[in-house]
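Engineer: model the structure of this input:
(one chain, ligands or ions: 2)
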Amino acid sequence: MSLPKAELHLHIEGTLEPELAFELAARNGVSLPYADTDELREAYRFEDLQSFLNLYYELMAVLRTERDFEDLANAYLARAAAQGVRHAEIFFDPQAHLARGVGMGTVVEGLWRALGKSEEAHGVSTQLILCFLRDESAESALETLQAAKPYLDRIVGVGLDSAEVGHPPVKFREVYEAAAALGLRRVAHAGEEGPPEYITEALDVLGVERIDHGLRCVEDPALVERLVRERVPLTLCPLSNVRLRTVDVLGDHPLPAMLEAGLLCTVNSDDPAYFGGYAGDNFDAVRQALGLSEDQLRELARNSFLASFLEHDEERRARYLAEVEAYEFS
Ligand SMILES: Nc1ncnc2[nH]cnc12
Ligand SMILES: [Zn+2]
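Structural biologist: Numbers count the residues shown, from 1 in each chain. Ligands and ions are numbered 1, 2, ... in the order given. Below you'll find the predicted structure:
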């Protein structure tokens, strides 16, 4: 669906399509333990978040040079643009690259080669969000923020991702305080597999402005009430929820009830190369499986721009919002 939208929950490493993975493997002399793209696609049957993360980190071995990150980002931006994405706030996982000997500069400069030209090349404005891996230590997160200091003009904020259960937000209090002191915006994954308490903790301890996923808030009516009252955006990822089995089938997704409750929901793709669809595909899927009305789809698109970090450019935000209102559904 080409309804204009902002994508606010997108891991750039999760846009690595099998074809590009093999191309980069050949270019860099990296051998993959899969015969071909079909065999690799066969591995895309996930039990839960961890089984996905294992493959996600394994395939990152092919990303080695600035050009690799540039190609990855350009491929994503082209696909996103074709599906109506007008603005993208893009996560990256530097610790997963630093651990393989790929430096922060290679990652950020490589991504920037694509992001810096994205408006001209793809018609998509962009921002970068550095994510800490929550299954790594708090010290490692602090070192990562330190390593990012030379590149802060290219980074709008910090996030928190990877294996959630057993790694509560409070573990990262110090690094989030340091990020806030540097003027960075703050978001965190919470309530994907982890309990509703992690959502509360992300808000109260880490000071986040948006919750990534936040799906499990529906288990706690008082928390839902708070999220509605405080207008906290949730970056939902419906196809991801089905593939990672947090929801059995898309028809059971709580999105309609969440909209009904007055939550500020957005729809995003998370790791589109792995979960069967980009942003527009997620919109199409929820429209079909959940019978969302045109008004509800427009609300989701409007929310995405309202929840974005575009305050520095209200004129642009107003232009995108006008495009949402003018859109004609087919
Ligand atoms: N859906 C997700 N949850 C947590 N960490 C991730 N890293 C990439 N995708 C993720
Ligand atoms: Zn995610």
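Engineer: quick check: closest non-adjacent residue to Arg243.
Structural biologist: For Arg243, the nearest residue in space outside its immediate sequence neighbours is Phe275; the separation is 4.5 Å by Cβ to Cβ, 6 or more residues apart in numbering. The C-beta positions use only the backbone N, C-alpha and C, and glycine is treated the same way.
Engineer: which residues touch the closest residue to ligand 1 within the chain?
Structural biologist: With distances taken as Cβ to the nearest ligand atom, the chain approaches ligand 1 most closely at Asp161, which sits 3.5 Å away. The contact partners of Asp161, taken as Cβ atoms under 8 Å, 6 or more residues apart in numbering, are His11, Phe91, Asp93, Cys131, Phe132, Leu133, Arg134, His189, Asp212.
Engineer: what is the nearest of the residues you listed to Pro168?
Structural biologist: Arg134 (8.5 Å; Cβ to Cβ).
Engineer: and the nearest residue to that closest one once chain neighbours are set aside, which of the three is it?
Structural biologist: Computed as Cβ to Cβ, 6+ apart, the closest residue to Arg134 that is not its neighbour in sequence is His167, at 3.9 Å. On the three-state scheme (DSSP: H, G, I helix; E, B strand; the rest coil), His167 is labelled coil.
Engineer: what about His167, how many residues nearby?
Structural biologist: Counted with other Cβ atoms under 10 Å, the neighbours of His167 add up to 18.
Engineer: list the buried residues for stretch 116-132?
Structural biologist: Within stretch 116-132, the residues scored as buried using 16 or more other Cβ atoms under 10 Å are Ser118, His122, Val124, Ser125, Thr126, Gln127, Leu128, Ile129, Leu130, Cys131, Phe132.
Engineer: same for the helix or strand that contains Glu139, what does it pack against?
Structural biologist: Taking DSSP states H and E as the criterion, Glu139 maps to helix 138-148. Here helix 138-148 touches helix 94-98, helix 104-115, strand 125-133, helix 173-181, going by 3 or more Cβ pairs under 8 Å, 6 or more residues apart in numbering; DSSP states H and E.
Engineer: deepest in the core, which of these is it.
Structural biologist: Mean neighbour counts were taken over those using mean count of other Cβ atoms under 10 Å, and the top value, a mean of 23, falls to strand 125-133.
Engineer: wait, does it contact ligand 1?
Structural biologist: No. For strand 125-133 and ligand 1, the contact criterion (Cβ under 6 Å from any ligand atom) is not met; the two come no nearer than 7.4 Å.
Engineer: please renumber the chain so that the first residue is 26 from this point on.
Structural biologist: Yep, numbering from 26; the last one is strand 150-158 now.
Engineer: give me the sheet partners of that strand and which way each runs.
Structural biologist: Sheet pairing here is set by DSSP bridges, and for strand 150-158 it gives strand 110-117 (parallel), strand 182-186 (parallel).
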